[in-house]
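>>> Structure, please.
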Amino acid sequence: MSAIDRPIRLTIAALGGQGGGVVADWLIEVARRENFIVQSTSVPGVAQRTGATIYYLELYPRSQVAERGREPVLALMPQPGDVDVVVASELVEAGRMILRGIVTPDRTTLITSTHRAYTISEKSSLTDGRADAAGLLHESQRSARKLVTLDMAALAEAPDSNRGPD
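Residues are numbered from 1 along each chain as shown. Model prediction:
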């Protein structure tokens, strides 16, 4: 591994029950097995859909600690303009990360699901109150250094999604 001068910073934005905590735990375990120092935090939210949670991880290779002779100082929360990877389990969650400045065109790879789980305000609107999915995707493309999209809900509901390794 080449030398890095700062931690790898990753944010997962998910709704309750969508597996954000499971993914964060997997990443923590993999990082530790690969000899990285890991700092992780989760901040549960109760706004919007009663359950939006941000999981934040910082990873730093132990080999760099030995070379530099000091431990890194790792943050507890994502800072605008300073996150390398954002994973959003739902399209509006990607939009929230963009609005907060967590996704930036000079640094961030944004991995987002294209499916929607409607917000309370979308559901309770007397007219069509749905957020514009095409607009969210356009803004995601414009705001991220790299954009990866997939329908995570369809993958999770696929017949063999819980099969496990062969």
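>>> residue ranges for the strands of this structure, please.
8-14, 36-44, 53-61, 85-88, 109-113, 146-150 (DSSP state E).
>>> what's the spacing between the closest residue to Ala75 other than its chain neighbours and Val23?
Closest residue to Ala75 apart from its sequence neighbours, by C-beta to C-beta, 6 or more residues apart in numbering: Glu58 at 6.1 Å. In short, each C-beta sits where N, CA and C put it, glycine included. Relative to Val23, Glu58 is positioned 16 Å away (C-beta to C-beta, to the nearest Å).
>>> Tell me which helix or strand in the protein has the weakest average pLDDT.
helix 120-124 (a mean of 66; mean pLDDT, DSSP states H and E).
>>> Report the angle between the helix ranked longest in the chain and strand 53-61.
Of all segments of type helix in the chain, defined using DSSP state H, the longest is helix 20-33. Orientation check (axes from the mean of the first three to the mean of the last three C-alpha atoms, to 10 degrees): helix 20-33 against strand 53-61 gives 10 degrees.
>>> can you tell which of the strands of the chain is closest to Ala134?
strand 146-150 (12.1 Å; C-beta to C-beta).
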